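> Need the 3D shape of this:
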Amino acid sequence: MPLVKKDGLPEKAKEIMKMLKYDFNCIYEEKDSIGKRYRRNDAIGTPFCVTIDHQSIVDDTVTLRYRDSMEQKRIKTGELLNIIDKEVNMKYLLQKLDE
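I've put the predicted structure just below:
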């Protein structure tokens, strides 16, 4: 989700979406304020929201927001795929159970 619909943020968000969409079920959203978008995604059960802001353009980082804890982490765009994969891939859950 781009923070705002200008300043190159939608383009950066679409670039990140393109990177993730082949591995995960993703949606792109830019309607309404970021708070309303978070709440809407919480309601439908989206486990993570990725927010692109002006800092994303500067240092190629994004904010990853966890639905259940509402924790937010600033991470490098290149780490996004691995972080989300470890959180949602059944393989990792089963490995934890097997320990």
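
> average model confidence for stretch 23-42?
For stretch 23-42, mean pLDDT is 92.

> buried residues in it?
Buried residues in stretch 23-42, counted by 16 or more other C-beta atoms under 10 Å: 26, 30, 34, 37, 38, 41. Any C-beta I mention is one placed from the backbone N, CA and C, and that applies to glycine too.

> low-scoring stretches of this protein, by residue?
Residue ranges of the chain with pLDDT under 70: none are present.

> where exactly do the helices run in it?
9-20, 34-44, 54-59, 80-88, 90-98 (DSSP state H).

> Select, out of those helices, the one closest to residue 67.
Closest approach to residue 67 among the helices of the chain is made by helix 34-44 (5.4 Å; C-beta to C-beta).

> Against residue 66, how distant is the closest residue to residue 85 other than its chain neighbours?
Spatial nearest neighbour of residue 85, chain neighbours left out: residue 23 (6.8 Å); criterion: C-beta to C-beta, 6 or more residues apart in numbering. According to C-beta to C-beta, to the nearest Å, residue 23 and residue 66 sit 18 Å apart.
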